[in-house]
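Asker: Here's my sequence, what's the structure:
(one chain, ligands or ions: 1)
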Amino acid sequence: MKTIADYMTKTLVTIDCEKSVLDALKLMKEKSVSAILVMKDSNTIGIFTERDVLFKVDFSNLEHLPFIKIKELMTGNLKMADINASYINVMETMQKNKIRHMPVVEDGFVKGMISLRDLMNHYNENMENLLEQTVAALSSAVEKRDQYTAGHQERVMQLACAIGKELFLTEKELGGLRMAAVIHDIGKLFIPTDILTKPGKLIEEEMNLIKKHPEKGYEILKGINFPWPLAEIVLQHHEKINGSGYPQGLKDNEIIFEAKIICVADVIEAMATNRPYRPMLGMDKALQEIEKNKNILYDASVVDACVTILKRDKLFWKTDVVPS
Ligand SMILES: [Fe+2]
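Answerer: Reported below is the predicted structural model:
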């Protein structure tokens, strides 16, 4: 569990409460800090922040600045955070009390300062990491089941993200694309391994079972409140723009763009690697397949971007990650 000590700034700047606001502003600029501790004798009696200046100073009369004392504008009623407190607890206390800066104390001595903005930034970063790690764990659960899909989702993710970048998707869209690609086959958890790894042709019932994996994936993910429509993208990754795909037979704009990207990356990866029922067909055949069906099965802009990437970088996946 992270504590406040991991996030506090140790740059402690102090000022005497009798000094003027102008002195405080100069000091803050000089030390590049947004908050300073206000002292009386050797006791901390408040915090003075940039916000105090913005909200409490009358800027129409700047001549008065040297005469306004810090103690008139500081935030008194000081709350302190113990250095060993959990950062989540401190963040909650600050939000509840509408406090933006807090001194951090250890054995009664001020050791640093913590700002709500810093804590929230760390919190958001941690949440994103947590989400990525959870999705990666889900991904490896599918891939552990058979050697043929091991690494498949990861490679599809790499190509899908490269296509997304080539097509100028936003950072947020790329985040969703990455997550969806890395778990697009999660529904295969419901398919018996002997069918997934069966050498030779599948019988119709087996094929129908395999075709259920987008819906199964959707069912696993639909209850999770991701910041992207991951469940829907996973559901649609086998749809084709002419309506010949599955499970819903969606067409053109009915298909989420990210699902169209994963579809093309999936086809390329599957053809460029060995499958249980056939050896790899190779990258040239894979490229022919998507170019032949551009605007028929696959979105034209996605195909163009994919072809550009793979012609530019023939060894898109390093050979040692492609099963031989
Ligand atoms: Fe799939």
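Asker: okay, CA-based contacts and neighbour counts for the rest of this
Answerer: OK.
Asker: Helix or strand: which one has Cys306?
Answerer: Secondary structure from DSSP states H and E places Cys306 in helix 300-312.
Asker: Going by neighbour count, list what's buried in that helix.
Answerer: 300-307, 309-310 (16 or more other Cα atoms under 10 Å).
Asker: would you turn those residues into JSON lines with distance to Asp194?
Answerer: Shown next, in JSON lines, are these (distance: Cα to Cα, whole Å):
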{"residue": "Ala300", "distance to Asp194": "36"}
{"residue": "Ser301", "distance to Asp194": "37"}
{"residue": "Val302", "distance to Asp194": "33"}
{"residue": "Val303", "distance to Asp194": "33"}
{"residue": "Asp304", "distance to Asp194": "36"}
{"residue": "Ala305", "distance to Asp194": "36"}
{"residue": "Cys306", "distance to Asp194": "32"}
{"residue": "Val307", "distance to Asp194": "34"}
{"residue": "Ile309", "distance to Asp194": "35"}
{"residue": "Leu310", "distance to Asp194": "33"}
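Asker: picking that back up, just checking the distance from the helix holding Cys306 to the centre of its chain.
Answerer: 25 Å (Cα atoms, centre = their mean, to the nearest Å).
Asker: sorry, back to before: dump the buried residues of helix 300-312 to TSV, plus distance to Phe168 and pLDDT.
Answerer: Listed next are those as TSV, based on distance: Cα to Cα, whole Å; pLDDT from 0 to 100:
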residue	distance to Phe168	pLDDT
Ala300	15	97
Ser301	11	97
Val302	11	98
Val303	14	97
Asp304	13	97
Ala305	10	97
Cys306	13	96
Val307	16	95
Ile309	13	94
Leu310	17	91
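Asker: Could you single out the nearest of these to Thr11?
Answerer: Ile309 (47.3 Å; Cα to Cα).
Asker: and the closest one, how far is that from Lys165?
Answerer: 10 Å (Cα to Cα, to the nearest Å).
Asker: got it, and Lys285?
Answerer: 24 Å.
Asker: Then Leu73?
Answerer: Separation of Leu73 from Lys165 (Cα to Cα) stands at 49 Å.
Asker: Show me what the helix holding Cys306 is packed up against.
Answerer: Using 3 or more Cα pairs under 8 Å, 6 or more residues apart in numbering; DSSP states H and E as the contact test, the elements touching helix 300-312 are helix 152-166, helix 257-272, helix 283-292.
Asker: Not counting it itself, show me its contacts.
Answerer: Contact with helix 300-312 is made by 159, 162-163, 166-167, 260-261, 264-265, 287, 290-291, 294, 316, as judged by Cα atoms under 8 Å, 6 or more residues apart in numbering.
Asker: what's near enough to touch Ile45?
Answerer: 37-39, 76-78.
Asker: if you set the cut-off to 10 Å instead, what comes out?
Answerer: Contacts for Ile45 (Cα atoms under 10 Å, 6 or more residues apart in numbering) come out as 16-17, 37-39, 71, 74-78.
Asker: which pair in these spans the largest distance?
Answerer: Going by Cα to Cα, the pair spanning the contacts of Ile45 furthest: Asp16 and Asn77, at 16.8 Å.
Asker: Now do the same for the residue nearest to Ala81 when sequence neighbours are not counted: helix, strand or coil?
Answerer: Once flanking residues are discounted, Ala81 sits nearest to Val104: 4.8 Å by Cα to Cα, 6 or more residues apart in numbering. With DSSP: H, G, I helix; E, B strand; the rest coil as the basis, Val104 sits in strand.
Asker: Would you check that Val104 makes contact with Thr44?
Answerer: No. Val104 lies out of contact with Thr44 (Cα atoms under 10 Å); the separation is 11.6 Å.
Asker: any shared contact partners between those two?
Answerer: Contacts common to Val104 and Thr44, judged by Cα under 10 Å, 6+ apart, are Val110.
Asker: The two: who's more crowded?
Answerer: Val104 (24 against 19; other Cα atoms under 10 Å).
Asker: May I have the phi/psi pair for Leu116?
Answerer: phi -60, psi -40 (degrees, to the nearest 10).
Asker: for the one helix or strand Arg51 maps to, packing partners?
Answerer: For Arg51, the element it lies in under DSSP H and E is helix 50-56. On a contact count with 3 or more Cα pairs under 10 Å, 6 or more residues apart in numbering; DSSP states H and E, helix 50-56 meets helix 21-31, strand 35-40, helix 70-73.
Asker: for these, which one ends up most surrounded?
Answerer: Stretch with highest mean neighbour count among the helices and strands packed on helix 50-56: strand 35-40 (a mean of 22; mean count of other Cα atoms under 10 Å).
Asker: That strand - which strands sit beside it in the sheet, and in what orientation?
Answerer: strand 14-16 (parallel), strand 43-49 (antiparallel) (DSSP bridges).
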